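Undergrad: Give me a model of this one.
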Amino acid sequence: MKEYKWATLGCGVIANELAQALAANGRKLYAVANRTHAKAVAFAERYGIEKVYAQIDDVFNDDEVDIIYISTPHNTHISYLRKALRAGKHVLCEKSITLNAEELTEAVQLAQQHHVILAEAMTIYHMPIYRQLRARMDAGDFGELRLLQMNFGSYKPYDMANRFFNRSLAGGALLDIGVYALSFVRWFMSSAPDQIVSQVKYAPTGVDEQASLLLKNKEEEMATVILSLHAKQPKRGTISFDKAYIELFDYPRGEEAVITYTEDGRKEVLHAGATAQALAYEVADMEAAVSGQENRMHLDYTVDVMRMMTEVRKDWGMTYPEEE
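TA: Numbering: from 1, shown residues only. Next up, the predicted model:
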């Protein structure tokens, strides 16, 4: 396979993880673009990156760039996606990939028109443990899927200027952490939920601080999702079948699952992959898709999840400035 040249748009936590994932495989990012040029220079020096752009838009016009990783705030994604996709660049974009389903539909159409790969950087779709569990589920090892229970709670200090609570930066629990829980649900459900009931508690800034969701699909598989930005919860997903239930811990980058069999209470502990390799798995799958091999980026699931989040926010009547 060709060694693709990656550029990062943004140089925060995830961009550092991307650079480290490539370095672990003896590779380097080719280029870095950032709104603050000095930060981009420092980032490039740290990782031995060849090119730093004076202006962000220069990354889209660089013929050497194959894949752009976008890790800027949610509300900036669509403007960068438009430019990157129109320039014929493959894009791996941080979650949430866009603010709403309408923006994502536009991005998907642009990717199709320009014959490039567009994907959301959702670790759940790339961790080996998920693929093993899904294969065993499809083989009938656990019986029929009945219920999923999802928890994701972070404790963020009540700083309303922080991006988590900042409406101007598309803050709120649903787009920041709910996207993980809903991606987990979509991975295991036979089809996307088509019935959703929800409740919300708002932060003083008007973004969703806490939320609960009830979901059901046409197969009558059901899920509950509980989210909070100001109450710590274990990152645990429980998947309940006729013959067993599965607990998956630290699920955004999970590597261990405990399977408890209904008939006799026997427990099986399954290990697969490594949490520390999460970005490496994403990079490998993205490059395989770009090269024309099997596409395991699951943009279809990303579309389903964004539709659900958009529907929920419409029910709440909660919008961001860009949507008004």
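Undergrad: Tell me, how many residues neighbour Thr36?
TA: 9 (other C-beta atoms under 10 Å). Every residue, glycine included, has its C-beta placed from N, CA and C.
Undergrad: what does the model give it for pLDDT?
TA: Model confidence at Thr36, given as pLDDT, is 95.
Undergrad: and the gap between it and Ala42?
TA: 10 Å (C-beta to C-beta, to the nearest Å).
Undergrad: wait, is Glu282 part of a helix?
TA: Yes: per DSSP: H, G, I helix; E, B strand; the rest coil, Glu282 lies within a helix segment.
Undergrad: Buried ones in the longest helix seen in the chain, by neighbour count?
TA: Ranked by residue count, the top helix of the chain under DSSP state H comes out as helix 299-316. Residues of helix 299-316 classed as buried by neighbour count (16 or more other C-beta atoms under 10 Å): 299, 301-313.
Undergrad: That one - what's its average pLDDT?
TA: 98.
Undergrad: tell me which strands and helices it is in contact with?
TA: helix 101-113, strand 118-120, helix 179-188, strand 195-202, strand 208-216 (3 or more C-beta pairs under 8 Å, 6 or more residues apart in numbering; DSSP states H and E).
Undergrad: out of these, nearest to Met127?
TA: Judged by C-beta to C-beta, the one of these that comes nearest to Met127 is helix 179-188, at 10.1 Å.
Undergrad: by contact count, what packs against that closest one?
TA: Taking 3+ C-beta pairs under 8 Å, 6+ apart as the contact cut, helix 179-188 packs with helix 128-138, strand 145-155, strand 222-228, strand 236-241, helix 299-316.
Undergrad: Now tabulate those in TSV and tack on distance to Ser79.
TA: Converted to TSV, these look like this (distance: least, C-beta to C-beta, whole Å):
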stretch	distance to Ser79
helix 128-138	31
strand 145-155	27
strand 222-228	27
strand 236-241	33
helix 299-316	17
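Undergrad: Which of those sits closest to Ala87?
TA: Closest among the helices and strands packed on helix 179-188, using C-beta to C-beta: helix 299-316, at 19.0 Å.
Undergrad: quick one: that closest one to chain centroid distance?
TA: 13 Å (C-alpha atoms, centre = their mean, to the nearest Å).
Undergrad: how much does it deviate in direction from helix 101-113?
TA: Orientation check (axes from the mean of the first three to the mean of the last three C-alpha atoms, to 10 degrees): helix 299-316 against helix 101-113 gives 160 degrees.
Undergrad: and the angle for helix 299-316 with helix 179-188?
TA: Using the same axes, to 10 degrees: helix 299-316 against helix 179-188 is 130 degrees.
Undergrad: Touching helix 299-316 from outside, list them.
TA: Around helix 299-316, the neighbours that count as contacts under C-beta atoms under 8 Å, 6 or more residues apart in numbering are 96-98, 100-102, 104-105, 108, 118-120, 122, 125, 174-175, 178-179, 182-183, 186-187, 192-193, 196, 198, 200, 208, 211, 213, 215, 319.
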